[in-house]
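Participant: build me a structure from this.
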Amino acid sequence: MILDNQLIIEVLYFIQRFINTVFPIFTWGLIIYIFSSWVPGLRESAFGQILGKVYEPILEPFRKLIPPIGGMLDLSPIIAIIVLRLFLSGLNAIFNAIITAMY
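Facilitator: Here you go, the predicted structure:
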């Protein structure tokens, strides 16, 4: 079964919009997780543990590359946000190139 180009383009637009909607939510969750280290007991709460399960696997590789400065200042979340933002820009460029080529 061969799909119509217009249907494929609509599906690609939907996926692109979904990713562009989820990314800011994901980024704000990471920012909340970062600030939760400043609030006593928040990371030990159920909410903090859920955030930890989501964001710690993402931050771990960045922490291996860039250890905390002076043992206190952790720059890995900032680097992670920048890398994820670049990844999102790359995905958008790929989607746009595919959609443009299909017209």
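Participant: neighbours of S76, just the number please.
Facilitator: 19 (other C-beta atoms under 10 Å). Heads up, the C-betas are built off the backbone N, CA and C, glycines and all.
Participant: again, but for the one 5 residues further on
Facilitator: A count of nearby residues for I81, using other C-beta under 10 Å, gives 16.
Participant: can you verify my assumption that it contacts G29?
Facilitator: No - I81 is not in contact with G29 according to C-beta atoms under 8 Å; the separation is 11.2 Å.
Participant: any idea what sits nearest P77, other than its immediate chain neighbours?
Facilitator: I34 (4.8 Å; C-beta to C-beta, 6 or more residues apart in numbering).
Participant: for the host helix or strand of F35, list every residue counted as buried.
Facilitator: Secondary structure from DSSP states H and E places F35 in helix 5-36. By 16 or more other C-beta atoms under 10 Å, the buried positions in helix 5-36 come out as L12, Q16, F23, F26, L30, Y33, I34, S36.
Participant: got a list of what I66 touches?
Facilitator: The contact partners of I66, taken as C-beta atoms under 8 Å, 6 or more residues apart in numbering, are L75, S76, I79.
Participant: ok, now how distant is it from Y103?
Facilitator: According to C-beta to C-beta, to the nearest Å, I66 and Y103 sit 42 Å apart.
Participant: if we can go back for a sec, the residue nearest to P77 and S76 touch, don't they?
Facilitator: No - the criterion here is C-beta under 8 Å, and I34 misses it with S76 at 9.6 Å.
Participant: if we can go back for a sec, among the contacts of I66, which lie within strands?
Facilitator: Per DSSP state E, strands hold no members of these.
Participant: next, format those residues as JSON lines and append distance to F87 and pLDDT.
Facilitator: As requested, the contacts of I66 are exported to JSON lines (distance: C-beta to C-beta, whole Å; pLDDT from 0 to 100):
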{"residue": "L75", "distance to F87": "18", "pLDDT": "89"}
{"residue": "S76", "distance to F87": "16", "pLDDT": "90"}
{"residue": "I79", "distance to F87": "12", "pLDDT": "93"}
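Participant: great, nothing more from me.
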